[in-house]
Each structure stands twice: as structure tokens, then as C-alpha cells.
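Trainee: Provide a 3D model corresponding to the input given below.
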Amino acid sequence: MQRPMSTLRLSPQIQAKVLSAGFQMLDDVLQVSALQLSRETGLSQEEALEVLQAARKERGADEAGPSRDGASVTALDLLHKEESLNRIVTFSSRLDAALGGGLPLGKTTEICGAPGVGKTQLCLQLAVDVQVPPCFGGLGGQVVFVDTEGSFMVQRVTDLAAAAVRHCNLLAEDAEQRDAAGAFTVERVLSNIFLVRCLDYVELLAEIYLLPDFLSRNPKVRLLVIDSVAFPFRLHFNELRSQRTRLLNGLAQQLIALATKHDVAVVLSNQMTTRLHGGKSQLVPALGESWGHAPTLRILLRWAGSQRQAAIVKSPDNKEATVNYQITTDGFRDSEQPEQPPSKRTRTLSNQRDVC
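Mentor: Just a heads-up that it's a prediction; the model follows:
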């Protein structure tokens, strides 16, 4: 059924420009790009993207309407779907166990933390891990890696891929695993990473707008990484907080739709910022409290002295948990240090052994 543009929740000024340019129905704007819409209506590119996001959201709601037989999805159906979710391992057995097997497909996961704690390292590790052959517990998939900070390091990915290839070759036992390990090469890993460089938030929003068609053409993609989601919005929106919140809400809805419709894991890295609470400043994830509701899972990477820790601080399925990890030449791995600080006597004995 054709929907008029007047049903969209847009400001009167934007609505007037769109209608006066001849875009009367929803399908009219869905057939043009943001750049073309901007040129024909006199809207800025940001406003044109806002119109397209609203139109796509409305169309998605129409298509997702009631099922043909009028019945709703049951809770049992949802339970079976949750139990059958595929997951991407992190190569940290402790973190994977806390997550119920790894990062789930069909959901959005935010990885936040201070600079240098390992957010990009984990993103790069996941880009390799999603490609591990199924006979080794992987998904044999591809990945779209959206780089907004220029932090994608191809040599580092090569090192992580080489470590994963060695790991699979060591585990190979039967003919199927040996054949899979032989085809799982560093070159193949690199060729399955689709890298996109976005220089500002307009390019990021445009890329996300184009992703549904790309994912339809590339059904083996099982992971979308945005490293980081905060950088372009913090760079350009120091004052216009309301506009930033509106664009972020639209972005969050699109990412959730991508994850569920195309069965991909969406991983977003986020920066930290300071916030006053009770007269004291504390580090919190950037982009505000409203953005905190967007991801399904939130993993906080932090320092505890000289030890790195990964804390699950938001998850509908898993308990809050904290595990130690380390960044090695092979990648994101379990820490060799114990999860709990040892007693004073144990520390003394350990120091004595180290000296010896």
C-alpha cells in the first residue's frame, strides 16, 4: 500500500521542501540517493539522510506487520531462536564462556573502553575469528569492517590471521578438518574482509543506508564492525546535541534491523568520556545515556593496575562478569594471571619463585 510522505515524523520545514519538490509518496524518496534528494529538494545532505532513514524505518514497519495467518510469534518460538543462535568466538575462552559461547549473531554488541586498552584489537580479532571454518567451531563467514578513525592495520590483521591458521592446523584430526585447514589461509582471510573508510558521520550514515543491498548480494557476511561509532559524532556535534541524538537513534534502529534481518553480528566500538556524578568525575561510555539503550550487549574493557579486564556490564542473557585478558602477538587471548588477586602470602611466595 502506498504511504504518503506526510505520515513521516519530520519537521515542518523539511516536510514542506520534500513535498514541494514532488516527493508525495514513500516510494518516491526510496528510489533516490541522499545526494539526489538533497539536490532536488534543497535540503542539506544531513537532512536528506534523515528523510531517507525515516522512510526506510516506516517501510520496515509496514513490511513487518502482522503475519499472514494473523498469529503472533510465541515466546517458545523466541526461545528456540535464541538457543539456536550462532556465535563468534573471541579466542578468550573465559570471555566466550561468560558470553555463552561468544558474540551472538542477530544482535548488536558495544565494546567500550579507554584508549590503548584493546578495543580495536578485539574488533580485528573478531574479523578473523568469524572466518574460522565450521568444522573447527567457526562460521566460515565474511566481514564488513567500517573504519572511522583510520585504525585498521592490515599488518596486524595478517598476524592475527596467521595465528588462527596455525591454530586450526594444529587442531586438525580428520580428513574434513585437514581439508578445511588447508583452504583456510592468510590470503583468504584478508580477501574476506570488506574494508570501508568513513571520514565523517555523513559518510557513515550513507554507508549504513547502502548496507542492506550489499548484504543481500553477499549472504556470507556474518559480522559488521564499526570502529568506532563515537568518533565521527563527537567530532562534529559539540553543540547540536539534539540533532546528534536524533541521528544516533536512527542509526541504532538501522543497525538493529540489519542484525536481525541479515543474521549478522553488529559490533560497535565506543570511546569513553568523563561525567560528573556526586561532585566527582567518572569515566563513562561516550554518546550519552540514550545511546546506552541501543546495543543489546555492552562489554567494558578496562585496566585494573597493569592487568586488562573485560566486564559484561549489559546483557539480557548473561550475568555480569569480569574476566582477565591480554593482547599478545597472536591476538586477543586469556590472561595467564588469576582472575582474583592472590592473598598477601601467595604474592610473597610467587615473588620468591620468580626471583629464584
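Trainee: use CA for all of it now, contacts and neighbours both
Mentor: Fine.
Trainee: what's the host helix or strand of residue 166 packed up against?
Mentor: Assignment of secondary structure by DSSP states H and E places residue 166 within helix 154-171. Contact analysis of helix 154-171 by 3 or more CA pairs under 8 Å, 6 or more residues apart in numbering; DSSP states H and E lists helix 119-129, helix 175-183, helix 186-191, strand 331-334 as its packing neighbours.
Trainee: Output the below-cut-off pLDDT ranges for this structure.
Mentor: 1-2, 60-73, 76-84, 235-241, 338-356 (pLDDT under 70).
Trainee: Give me the longest helix you can find in it.
Mentor: helix 241-262 (DSSP state H).
Trainee: Flag every buried residue along it.
Mentor: In terms of neighbour count (16 or more other CA atoms under 10 Å), helix 241-262 has its buried residues at 244-245, 247-252, 254-259, 262.
Trainee: Equivalent analysis for stretch 88-100, please.
Mentor: Under 16+ other CA under 10 Å, the buried positions of stretch 88-100 are 88, 89, 90, 91, 92, 93, 94, 95, 96, 98, 99.
Trainee: Just the terminal-to-terminal distance for that stretch.
Mentor: Criterion CA to CA, to the nearest Å; first-to-last residue distance in stretch 88-100 is 11 Å.
Trainee: Name the residues of stretch 117-125 that are buried.
Mentor: Counting neighbours by 16+ other CA under 10 Å, the buried set in stretch 117-125 is 117, 118, 119, 120, 121, 122, 123, 124, 125.
Trainee: Any chance of JSON lines for those residues, columns distance to residue 271?
Mentor: Formatted as JSON lines, the entries for the buried residues of stretch 117-125 read as follows, by distance: CA to CA, whole Å:
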{"residue": "117", "distance to residue 271": "11"}
{"residue": "118", "distance to residue 271": "12"}
{"residue": "119", "distance to residue 271": "9"}
{"residue": "120", "distance to residue 271": "11"}
{"residue": "121", "distance to residue 271": "14"}
{"residue": "122", "distance to residue 271": "14"}
{"residue": "123", "distance to residue 271": "14"}
{"residue": "124", "distance to residue 271": "17"}
{"residue": "125", "distance to residue 271": "18"}
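Trainee: Tell me the one of these nearest residue 194?
Mentor: Sorting the buried residues of stretch 117-125 by distance to residue 194 puts residue 124 at the head of the list, at 12.4 Å, by CA to CA.
Trainee: Centre-most residue in the chain?
Mentor: For the chain, the residue nearest the mean C-alpha position is residue 267 (1.5 Å; CA atoms, centre = their mean).
Trainee: what's the helix or strand for residue 58?
Mentor: Secondary structure assignment for residue 58, by DSSP H and E: helix 45-63.
Trainee: Convert that helix to PDB, retaining C-alpha atoms only.
Mentor: The C-alpha coordinates for helix 45-63 follow below in PDB (Å, rounded to 0.1, in the frame of the first residue of the first chain):
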ATOM      1  CA  GLN A  45      22.800  16.100   3.000                       C
ATOM      2  CA  GLU A  46      22.300  15.500   6.700                       C
ATOM      3  CA  GLU A  47      18.600  16.400   6.300                       C
ATOM      4  CA  ALA A  48      18.300  14.200   3.200                       C
ATOM      5  CA  LEU A  49      19.700  11.300   5.200                       C
ATOM      6  CA  GLU A  50      17.300  11.900   8.000                       C
ATOM      7  CA  VAL A  51      14.400  11.800   5.500                       C
ATOM      8  CA  LEU A  52      15.700   8.500   4.000                       C
ATOM      9  CA  GLN A  53      16.100   7.000   7.400                       C
ATOM     10  CA  ALA A  54      12.600   7.900   8.400                       C
ATOM     11  CA  ALA A  55      11.200   6.500   5.200                       C
ATOM     12  CA  ARG A  56      13.100   3.200   5.500                       C
ATOM     13  CA  LYS A  57      12.000   2.800   9.100                       C
ATOM     14  CA  GLU A  58       8.400   3.400   8.100                       C
ATOM     15  CA  ARG A  59       8.600   0.900   5.200                       C
ATOM     16  CA  GLY A  60      10.200  -1.700   7.600                       C
ATOM     17  CA  ALA A  61       7.300  -1.300  10.000                       C
ATOM     18  CA  ASP A  62       4.900  -1.900   7.100                       C
ATOM     19  CA  GLU A  63       6.700  -5.000   5.900                       C
END
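Trainee: Could you list the residues in contact with it?
Mentor: Outside helix 45-63, the residues that touch it by CA atoms under 8 Å, 6 or more residues apart in numbering are 8-10, 14, 26, 29-30, 34-35, 37-38, 202, 205-206, 209, 247, 250, 253-254.
Trainee: What remains of those residues if I keep only buried residues?
Mentor: Judged by neighbour count, with 16+ other CA under 10 Å as the criterion, the buried members of the contacts of helix 45-63 are 14, 26, 29-30, 34, 37-38, 205-206, 209, 247, 250, 254.
Trainee: sorry, back to before: next one: the helix holding residue 166 to chain centre, how far?
Mentor: The chain centre lies 22 Å from the centre of helix 154-171; the measure is CA atoms, centre = their mean, to the nearest Å.
Trainee: Does residue 177 touch residue 138 like I think?
Mentor: No - with contact taken as CA atoms under 8 Å, residue 177 and residue 138 are classed as non-touching, separated by 11.9 Å.
Trainee: Perfect, that will be all.
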